[in-house]
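> Output the structure for:
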Amino acid sequence: QVRLEESGGGLRQAGGSSSLSCVASGRDLSSYFMAWWRQAPGKERDFVAGILPTDGTTYYGNSVKGRFSVSRGNSKNELSLQMNNLRPEDTAVYFCGATRAWYGDTWSKSNYYDFWGQGTQVTVPS
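Next comes the predicted model:
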């Protein structure tokens, strides 16, 4: 059974920094595209950042470009998200996800993801 476990969420100050981690177990995900998504109350789950399994190319949602950075550990089953210059609108539950279907732009569609973590809450008060 594949399990993705996120950690690192919490209450953060606007303008501050934080990092999230995701560790996968139960399967080798080295061929999977891994990504961070987030969901604020009453809103859809949005793509935040992701990384290709092949050459490490990264992709970012428009609202986090230049502020967030995604990386993958040497084991390929670890995913991190460095968040800088946090804003109140970054408040959400952050999910780690993995998909084999990363051809074209399917990595940007949540319904193509095979595995999800339970999520970790990040709160940035205004």
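
> ok, now which ones touch the residue nearest the centre of the chain?
Geometric centre of the chain, nearest residue: residue 36, 1.3 Å, by Cα atoms, centre = their mean. Counting by Cβ atoms under 8 Å, 6 or more residues apart in numbering, residue 36 touches 20, 22, 48-50, 70, 79, 81, 94-97. No exception for glycine: its C-beta is placed from N, CA and C like everyone else's.

> nearest to residue 29, of those residues?
residue 79 (9.0 Å; Cβ to Cβ).

> and the residue nearest to the centre of the chain, how far is that from residue 126?
22 Å (Cβ to Cβ, to the nearest Å).

> pretty sure residue 32 is touching residue 52, no?
No: using Cβ atoms under 8 Å, residue 32 is not in contact with residue 52; the gap is 9.9 Å.

> Have a look at the two and say which one is more surrounded.
A count of neighbours by other Cβ atoms under 10 Å puts residue 32 above the other of residue 32 and residue 52, at 24 against 15.

> which phi and psi does the residue nearest to that one when sequence neighbours are not counted have?
Closest residue to residue 32 apart from its sequence neighbours, by Cβ to Cβ, 6 or more residues apart in numbering: residue 98 at 4.2 Å. Dihedral pair for residue 98: phi -140, psi 140, per degrees, to the nearest 10.

> Please work out how many residues are found near residue 98.
Residue 98 has 25 nearby residues by other Cβ under 10 Å.

> That one touches residue 110, doesn't it?
No: if you go by Cβ under 8 Å, residue 98 and residue 110 don't touch, sitting 11.8 Å apart.

> Can you tell me what sits against stretch 99-112?
With Cβ under 8 Å, 6+ apart as the criterion, stretch 99-112 contacts 31-33, 35, 37, 45, 47, 50, 52-53, 59, 97, 113-115.
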